[in-house]
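# Can you look at this prediction? I've put the sequence above it.
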Amino acid sequence: MENEIQARAAHLAGIREKAEAEMARMGIDAAFIDRLVETFYGRVQAHPRLGPVFDGRLAGRWPDHMEKMKRFWSSVAFKNGAYGGKPVQAHLGVQNMTPELFPQWLELFSQTLTEIAPGKAAHDWFMATAERIAKSLFPQAQVRYQAVTSQNRMPLVQNGTVDLECGSTSNTASRKEQVDFANTTYITEARYAVKKSAGIESTEQLAGRTIVTTTGTTLVPRLRKLERDGLKFNLIMAKDHAESMLMVAQGRADAFAMDDNTLAGNIAMLKNPQDFRIVGTPLGREPIALMLRRNDAAFKQAVDAEISRLIQSGELRAMYDKWFMSPIAPANVNLNLPFPPSLETAFAQPNSDPAEAYAMP
Ligand code: HEM
């Protein structure tokens, strides 16, 4: 046992000596590492984009960070075990850490080395090492966008062209036979858009009235079921959502039945959105989720972990308020769609249950 420990210590000492000799050949010593860290992070603080991101996290802790980074680079260069932290965890949740910052970090590091490194070999060694570590720290740094349609979105996910599809895609049991879904991020509730002046506040008050919906949508069977369940009304079809909405605006129908987010969008496009509201017991609910390939548990887990982080930090709720409860460019339209209680439940217990698991009211 003692021999083993001695042998291991000798092995480590050997690695360290070799590293020191390699660094010495390039002119890198402890004093240079101190100077590099101080100069580089001095410039980071003054950098218009990187400065605020670092400051946001390190305000009041800069001296500690400098010491830590000296130990980190000393450990990487001289293999002396001076640093024993967890850099991947340390970077998680750094606010506003967007992918385009990495090239800027590397560029600034390279400029600093060009000015103060003892030679080209030292510059190249630090850059190659930083790039390698950056890749392992931030493997997600590359994002490419690709537009999809309702027709091609599933095939493109299935054939691997697209890793993650973000649209108003419902998670359904039949789709799940071909693709997978991340945890639910929105739940549509099918309800009714009415004129405020009509005095309609509940589904029951639609008895004897005219309801319009858009032909070919899942609302048609849902309304037929409502009829079978005993509510008598006159059902008419319009060719698209805009026409359905117009029928209510012009008084040719009393209510437009559709998913609440579609209703909110169509109300917002009217000249007088404040004259309309969305009412009634939901006719049905459908979970909306990011679509991803099937049988890739590690990828699904990574996506779900990020969604959970966004829920816990409140960022997802802030995104909701930004897009659904505030004016949005270019027309400064406010959809005014309050956060649905059913989504509150889904956020409290994240899951990727399909629409079939949502009981029809
Ligand atoms: C856009 C690029 C980067 C940004 C914005 C960034 C930001 C930060 C911030 C804010 C911290 C402090 C975390 C805390 O103590 O709460 C930190 C720590 C650290 N960073 Fe970075 N970083 C970047 C790139 C890099 C790269 C490329 C490396 C390695 C070559 C690196 C290595 C480290 C290490 C070792 C720590 C200390 C982790 C610990 O607490 O043990 N960072 N970084």
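Yep, it's here. Numbering: from 1, shown residues only.

# where in the protein is pLDDT low?
Residues of the chain that meet the criterion pLDDT under 70 lie in 1, 139-142, 359-361.

# helix, strand or coil for the residue in it that the ligand sits nearest to?
Minimum separation of the chain from the ligand (CB to the nearest ligand atom) falls at Gly85, amounting to 2.3 Å. For glycine as for every other residue, the C-beta is placed from the backbone atoms N, C-alpha and C. Three-state assignment for Gly85 (DSSP: H, G, I helix; E, B strand; the rest coil): coil.

# oh, and call the first residue 54 from now on, that's how I've got it
OK, 54 is where the count begins now, so the last one is Gly138.

# gap between it and Gln59?
In this view, Gly138 and Gln59 are 28 Å apart by CB to CB, to the nearest Å.

# Ok, Gly261 next?
Between Gly261 and Gln59 the distance is 94 Å, computed by CB to CB.

# Enumerate the residues of the stretch 104-253 of the chain near the ligand.
Applying CB under 6 Å from any ligand atom, we find that the stretch 104-253 of the chain lies next to the ligand at 106-107, 110-111, 118, 121, 125, 138-140, 143-144, 147, 150, 154-155, 158, 183, 186-187, 190.

# Try it again at 5 Å.
Residues of the stretch 104-253 of the chain lying close to the ligand by CB under 5 Å from any ligand atom are 106-107, 110, 125, 138, 140, 143, 147, 154-155, 158, 183, 186-187.

# Out of those residues, which comes closest to Gln98?
Nearest to Gln98 among these, counting by CB to CB, is Phe107 at 6.8 Å.

# Which residue lies closest in space to Glu218, excluding its sequence neighbours?
Distances taken as CB to CB, 6 or more residues apart in numbering put Met344 closest to Glu218, at 4.1 Å, once the chain neighbours are dropped.

# Could you point out the longest helix of the chain?
Ranked by number of residues, the top helix in the chain under DSSP state H is helix 55-79.

# From the chain's centroid, how far away is that one?
Averaging C-alpha positions (CA atoms, centre = their mean, to the nearest Å) puts helix 55-79 45 Å from its chain's average.

# Can you list the neighbours in contact with that helix?
Asp82, Ala130, Phe131, Lys132, Asn133, Pro171, Gly172, Ala174, Ala175, Trp178 (CB atoms under 8 Å, 6 or more residues apart in numbering).

# Weed out the non-buried ones from these.
Buried subset of the contacts of helix 55-79 (neighbour count, 16 or more other CB atoms under 10 Å): Ala130, Phe131, Lys132, Asn133, Ala175, Trp178.

# can you redo these as TSV with secondary structure?
TSV is the format used below for these (three-state DSSP):
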residue	secondary structure
Ala130	helix
Phe131	helix
Lys132	coil
Asn133	coil
Ala175	helix
Trp178	helix
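
# Leu288 sits in which helix or strand?
Assigned by DSSP states H and E, Leu288 falls within strand 287-291.

# And for Val215?
Per DSSP H and E, there is no helix or strand for Val215.
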